[in-house]
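Colleague: What follows is a predicted structure for the sequence shown.
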Amino acid sequence: MVKKVAGVLGATGSVGQRFILLLAEHPDFELRVLGASPRSAGKRYVDAANWKQTDLMPRMAEDIIVSECTAAAFKDCDIVFSGLDAEYAGPIEKEFVEAGLAVVSNAKNYRREEDVPLVVPIVNPEHLDVVAGKLDAAKAAGKARPGFIVCISNCSTAGLVAPLKPLVDAFGPIDTLTTTTLQAISGAGFSPGVPGIDVLDNIIPYIGGEEDKMEWETKKILGSVSADKSHVTLLTPEQIRVSAQCNRVAVSDGHTECIALRFANRPAPSVEQVKQCLRDYVCDAYKLGCHSAPQQTIHVLEQQDRPQPRLDRNRDNGYGVSVGRIREDPVLDFKMVVLSHNTIIGAAGSGVLIAEILLARGMI
Ligand SMILES: NC(=O)C1=CN([C@@H]2O[C@H](COP(=O)(O)OP(=O)(O)OC[C@H]3O[C@@H](n4cnc5c(N)ncnc54)[C@H](OP(=O)(O)O)[C@@H]3O)[C@@H](O)[C@H]2O)C=CC1
Ligand SMILES: N[C@@H](CC(=O)OP(=O)(O)O)C(=O)O
């Protein structure tokens, strides 16, 4: 198969660097264009990027000349991944879509548009039907293939919704959900990033905007596509109450979340039924044969002191989510600890897996 041409916006950042690692030797995509700010444009990538990954910078990226983030520079791309600073992503991504490009974005700017799917690919890939609807309508009208954007969720939200989806499918709606997060510093990006003096020997009990994003995005991801495929309908606050508290901790990669939930239906399932349901879950992307899809979507850990970020974040190459300490909760029904890799399944990896699904479904 001829590989699809890929570009990365925000290629020098925390998410952008992860995109490069995931795309450097990808069987479906050939990474050709890297874009960043005017400060970096015109430089070789190796000179522009302040590389902070524990894996070495792929050789193929070193000599690529960083482009400005214009649609003209990315015009040959079949797919553009965005890890842009949200302050600048809005107009740049809009220009790309208007130029007919397919964009998969990590930035928050378009997540709340009702006709933009907000996708965690191991949870709600069916929301991509909204894009399929747009492409089919243009084709039926004899129009050129339109550009489109798919948004990836907030990284903490991705970990939160992963175990919820199989549980809702098996046992019906969850009506109350609380989460307290312990978020890695790579989630704050690299420019400027979290200063060591703030986070070493410390916990910061505030991440701007994060709690609102978690509480809102969960309702969209667990919502459903309208019958005419024109938009996504959110769960209402009456259907699910979500409460999030977010903390920054001195971990490099991997967001941990202590969650508790209650099912709407009585009687609630047993602890063993909950565990078995999570173990049995196979995400649709794996069934589709997508290259990066986790073989085991949810890893149920029985050791009493797991999951831990350093030990468990790379399960299924960072595309799998770990869940441990599943037990009854004296206030709600169950509590558990969830760990997800924030720049893989919480960001760039989700972007790559979404693109693999788009390719498998003939949308790029
Ligand atoms: N880190 C994470 O875990 C997650 C991040 N996200 C989102 O992904 C996006 C990227 O985050 P992250 O990688 O952490 O951020 P970084 O700060 O590490 O990287 C930001 C990128 O944007 C580029 N940029 C800055 N200003 C401009 C500009 N004026 N024009 C074009 N490019 C510009 C930077 O280029 P330069 O180096 O040249 O300045 C850099 O490549 C954000 O929107 C973030 O909210 C989403 C989920 C998780
Ligand atoms: N706020 C997240 C990362 C992030 O940038 O999320 P969002 O794309 O929703 O702004 C964190 O600090 O870990």
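Modeller: Looks like it arrived, so ask away. Ligands and ions are numbered 1, 2, ... in the order given.

Colleague: hey, let's count contacts and neighbours off CA atoms from now on
Modeller: Will do.

Colleague: Do any residues in the stretch of helix or strand T218 belongs to lie close to ligand 1?
Modeller: Secondary structure from DSSP states H and E places T218 in helix 210-221. No: figure legend: helix 210-221 not in contact with ligand 1 (CA under 6 Å from any ligand atom); closest approach 9.9 Å.

Colleague: Other residues contacting that helix?
Modeller: 118-120, 123-124, 153-154, 156-157, 161, 232-236, 240, 242-246 (CA atoms under 8 Å, 6 or more residues apart in numbering).

Colleague: Which entries in those residues are shared with the contacts of ligand 1?
Modeller: Within these, those near ligand 1 by CA under 6 Å from any ligand atom are N154.

Colleague: returning to what we had before: right, and the helix or strand after the helix holding T218?
Modeller: Sequence order places strand 224-225 as the next helix or strand after helix 210-221, per DSSP H and E.

Colleague: Just checking, which helix or strand succeeds that next one along the chain?
Modeller: Downstream of strand 224-225 (by DSSP H and E), the next one is strand 232-233.

Colleague: Output the contacting helices and strands for that next one.
Modeller: strand 224-225 (3 or more CA pairs under 8 Å, 6 or more residues apart in numbering; DSSP states H and E).

Colleague: roughly how far out does the strand it packs on sit from the chain middle?
Modeller: Strand 224-225 sits 18 Å away from the centroid of its parent chain (CA atoms, centre = their mean, to the nearest Å).

Colleague: Would you give the sheet partners of it, along with the direction of each?
Modeller: Counting by DSSP bridges, the strands paired with strand 224-225 are strand 232-233 (antiparallel).

Colleague: Now find how far off-centre the helix or strand following the strand it pairs with is within its chain.
Modeller: With elements assigned by DSSP H and E, the helix or strand that comes after strand 232-233 is strand 241-248. Its chain's C-alpha centre lies 18 Å from the corresponding centre of strand 241-248 when counted by CA atoms, centre = their mean.

Colleague: what angle sits between strand 241-248 and helix 210-221?
Modeller: Interaxial angle, strand 241-248 versus helix 210-221 (axes from the mean of the first three to the mean of the last three CA atoms, to 10 degrees): 140 degrees.

Colleague: So strand 241-248, near ligand 2 or not?
Modeller: No: Strand 241-248 stays clear of ligand 2 (CA under 6 Å from any ligand atom), getting no nearer than 7.5 Å.

Colleague: who touches that strand?
Modeller: Contacts of strand 241-248 (CA under 8 Å, 6+ apart): 175-185, 199, 203-207, 210-212, 214-215, 218.

Colleague: hmm, back to that, quick check on the contacts of helix 210-221: which are buried?
Modeller: In those, burial by neighbour count holds for 118-120, 123-124, 153-154, 156-157, 161, 232-235, 240, 242-246, counting by 16 or more other CA atoms under 10 Å.

Colleague: what's the closest non-adjacent residue to H341?
Modeller: G254 (4.3 Å; CA to CA, 6 or more residues apart in numbering).

Colleague: quick one, phi/psi of that neighbour?
Modeller: Phi and psi for G254, reported as degrees, to the nearest 10, are phi 110, psi 110.

Colleague: what residues are up against it?
Modeller: By CA under 8 Å, 6+ apart, the contact list for G254 reads 183-184, 309-310, 313, 339-343.

Colleague: which of the residues you listed tops the neighbour count?
Modeller: Ranked by neighbour count (other CA atoms under 10 Å), those have S340 at the top, with 35 neighbours.

Colleague: doesn't R315 make contact with that one?
Modeller: No: assessed by CA atoms under 8 Å, S340 is found out of contact with R315, at 9.1 Å.

Colleague: Between these two, which contacts overlap?
Modeller: Common neighbours of S340 and R315 (criterion: CA under 8 Å, 6+ apart): 321-322.

Colleague: Spell out which parts of the stretch 201-350 of the chain neighbour ligand 1.
Modeller: So the stretch 201-350 of the chain meets ligand 1 at 342-343, 346-347 (CA under 6 Å from any ligand atom).

Colleague: How many neighbouring residues does the residue nearest to I122 when sequence neighbours are not counted have?
Modeller: Nearest non-adjacent residue to I122, counting by CA to CA, 6+ apart: C283, 5.2 Å away. By the criterion of other CA under 10 Å, C283 has 22 neighbours.

Colleague: tell me the contacts of C283?
Modeller: 122-123, 293-294, 297.

Colleague: And the pLDDT for it?
Modeller: Per-residue pLDDT puts C283 at 98.

Colleague: do stretch 33-53 and ligand 1 meet?
Modeller: Yes: on the criterion CA under 6 Å from any ligand atom, stretch 33-53 is in touch with ligand 1 at 36-37, 39-40.

Colleague: which residues are contacting that stretch?
Modeller: 6-14, 17-18, 57, 61-69, 73-74, 77, 84.

Colleague: Those residues in helices, which ones?
Modeller: Residues from the contacts of stretch 33-53 lying in helices, with DSSP state H as the criterion: 14, 17-18, 61-62.

Colleague: Kindly indicate which of those residues lies nearest E25.
Modeller: A61 (10.9 Å; CA to CA).

Colleague: pLDDT weak spots in the protein?
Modeller: Within the chain, no stretch falls below the threshold (pLDDT under 70).
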